[in-house]
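Student: With the input below, show me the fold.
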Amino acid sequence: MHKIGLVAVSSDPASQKIRSELLRMGYCGDFFEVNNFLYVRQEDEIVKDLHSCDAVIVLSKHKSASQIPCLTAHYPGNVSTADYGGMNETLSVGCGSLFKRYLQFLAQAAEGNDISLVAEQDHHGPTLDIPTLYVEIGSSEQQWNNSEYAEMVARAVKLTIDHFASNPFGKETFIAIGNTHYPKKFTDMMVKEEYSFSHIFSKHAAEKLTSSILEQALNKSLERVIGVVLDWKTLKQPIRNNIIKFADEKSLEIIRV
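Tutor: Below is the predicted model:
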């Protein structure tokens, strides 16, 4: 039904660890190898090759100062300046059902382990015209080289690929706005409820949401966006009002959580 391509980053220890686990599990599909995917541009040869796929999963490390062990996933895209690849004020294409299924399979793979599973907000590059999802091991070298964590991610990736080989992507999805860069509430909604999100913006990113970015969030979604989920109390009233006005103009449902 759908072909999902895998990007393995040669300079990234977590990416290579996940790749090894996938091969050990019998994954026999292709890997698109690159030294640094963050700064890939739309016109680069690897992107032309990726267009043979319906969506792309990037195997990656996650780095943070806290060094808290976590398994994260997110879309690339820049609400403001492109400090780490991609283009300024440009989103990539999101696929809510791909994100949702991956998180659900990851929750299964990590059952019994207390590591945090997190859907992050859209951030960094590249900004591409093909649905792209980063799947990551965080947050330090100790975790990047952890075989157990790599196996969890690899298992969830393989299950996701197998699922969409015989099942279509979803038809409808939502945009999520509010909460933190690591929004547990939105993560739980995707894992445990019927919601999927084609783009996620934190409360801080929401302060930079222009009508152009919101328009992109609608257009750069593989599925039809039917509503906006707002983490109400984390958003300032003027920001809520602007989003509600945009949603009304586009006939989108507003859901307060």
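
Student: any idea of the mean pLDDT in stretch 98-115?
Tutor: When the per-residue pLDDT values of stretch 98-115 are averaged, the result is 97.

Student: Next, the buried residues of it.
Tutor: For stretch 98-115, the neighbour count (16 or more other Cβ atoms under 10 Å) marks 98-107, 109-110, 115 as buried. To be clear about C-beta, it is placed using only N, CA and C from the backbone, and glycine gets the same treatment.

Student: What is the nearest of these to A206?
Tutor: Proximity to A206 was ranked across the buried residues of stretch 98-115 by Cβ to Cβ; first place goes to F99, at 19.2 Å.

Student: now S198: how far from D54?
Tutor: As judged by Cβ to Cβ, to the nearest Å, S198 and D54 stand 15 Å apart.

Student: Just the residues contacting stretch 81-94, thanks.
Tutor: Judged by Cβ atoms under 8 Å, 6 or more residues apart in numbering, the contacts made with stretch 81-94 from elsewhere in the structure are 38-40, 75-80, 122-132, 173, 197-199, 210, 212-213, 216-217, 220-222.

Student: Can you tell me the closest non-neighbouring residue to P76?
Tutor: On the basis of Cβ to Cβ, 6 or more residues apart in numbering, the spatially nearest residue to P76 that is not a chain neighbour turns out to be S92, at 4.6 Å.

Student: just to revisit the earlier point, just the buried ones among the contacts of stretch 81-94, please.
Tutor: The buried subset of those (16+ other Cβ under 10 Å) comprises 38, 40, 75-79, 122-128, 130-132, 173, 197-199, 213, 216-217, 220-222.

Student: how about the strands in the stretch 1-150 of the chain?
Tutor: For the stretch 1-150 of the chain, the strands defined by DSSP state E, counting those that start in this stretch cover 4-9, 31-34, 55-63, 70-74, 77-78, 90-91, 116-119, 132-139.

Student: can you tell me how far M25 sits from V79?
Tutor: As for M25, its distance to V79 is 36 Å (criterion: Cβ to Cβ).

Student: export the strands of the stretch 1-150 of the chain to JSON lines and tack on distance to A165?
Tutor: As requested, the strands of the stretch 1-150 of the chain are exported to JSON lines (distance: least, Cβ to Cβ, whole Å):
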{"stretch": "strand 4-9", "distance to A165": "8"}
{"stretch": "strand 31-34", "distance to A165": "17"}
{"stretch": "strand 55-63", "distance to A165": "12"}
{"stretch": "strand 70-74", "distance to A165": "20"}
{"stretch": "strand 77-78", "distance to A165": "26"}
{"stretch": "strand 90-91", "distance to A165": "27"}
{"stretch": "strand 116-119", "distance to A165": "23"}
{"stretch": "strand 132-139", "distance to A165": "16"}
